[in-house]
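In: coordinates only, sequence not included:
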Ligand SMILES: [Zn+2]
């Protein structure tokens, strides 16, 4: 049976709803974070929220279309400097959607584990929320990159370090945030939720261990 792909209007609506939902969780405050999804078609232009807009109220009309060279080809607004990272994930991971969040916990934990270059999480049922993971009895290493304002350098490091496909659909930038991706908007959103859940588990476990008995 041939199922026709959702129209562009539906895609924009779904995208805006996903961004607003993540904003509601407190993971994209103060216009922080950025979000992209790949448009159907051979050019694989990206649909993005423009830089500097409130992520709680992005409307389909506000979305911009960005070509592979990072130029805005439709809509009004500026593409985020972090577009280069989204592009790297589209090209190396075949990501259909890339969601970048700034949560308190991804900021704190990426900073804490930055010297190790990765954060290993193992043994939790929620790991099964990641595509391809079928048992809690496994360990995943989330890569952590040093923060940088030079996005071309950071995106080069990401291209060099991430295998294809990466073992886990996300990485952290120290003291900055999380990048997570998926084949679809729904999968990218689920992956953000899984990462944020696991990061909260790690954080609460650390604080619990620090309490006196
Ligand atoms: Zn950011």
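Out: Thanks, I have it. Owing to the predicted nature of the structure, the values given are computational and were not obtained by experimental measurement.

In: So in the chain, which helix runs the longest?
Out: The longest helix of the chain (DSSP state H) is helix 185-210.

In: Of all the residues in that one, which ones are buried?
Out: 185, 187-196, 198-199, 202-203 (16 or more other Cβ atoms under 10 Å). In short, each C-beta sits where N, CA and C put it, glycine included.

In: Stretch 163-176 too?
Out: 166, 168, 169, 170, 171, 172, 173, 174, 176.

In: between the residues you listed, which is closest to residue 53?
Out: Residue 53 has its nearest neighbour among those in residue 176, at 19.1 Å by Cβ to Cβ.

In: Looks like that closest one contacts residue 102 (just checking).
Out: Yes: with contact defined as Cβ atoms under 8 Å, residue 176 counts as touching residue 102 (7.1 Å).

In: that's a strand at residue 181, yeah?
Out: Yes: assigned with DSSP: H, G, I helix; E, B strand; the rest coil, residue 181 falls within a strand.

In: Next up, the contacts around it.
Out: With contacts defined as Cβ atoms under 8 Å, 6 or more residues apart in numbering, residue 181 is in contact with 89, 93, 95, 96, 97, 98, 99, 169, 170, 188, 191.

In: low-scoring pLDDT stretches of this protein, where are they?
Out: The chain contains residues with pLDDT under 70 at 1-6.

In: the strands in it, which residues?
Out: 34-38, 46-48, 64-66, 72-74, 97-101, 118-122, 139-145, 170-173, 177-182 (DSSP state E).

In: closest to residue 80 out of those?
Out: Closest to residue 80 of these is strand 34-38 (Cβ to Cβ; 4.6 Å).

In: Please find the angle between the direction vectors of the closest one and helix 185-210.
Out: 140 degrees (axes from the mean of the first three to the mean of the last three Cα atoms, to 10 degrees).
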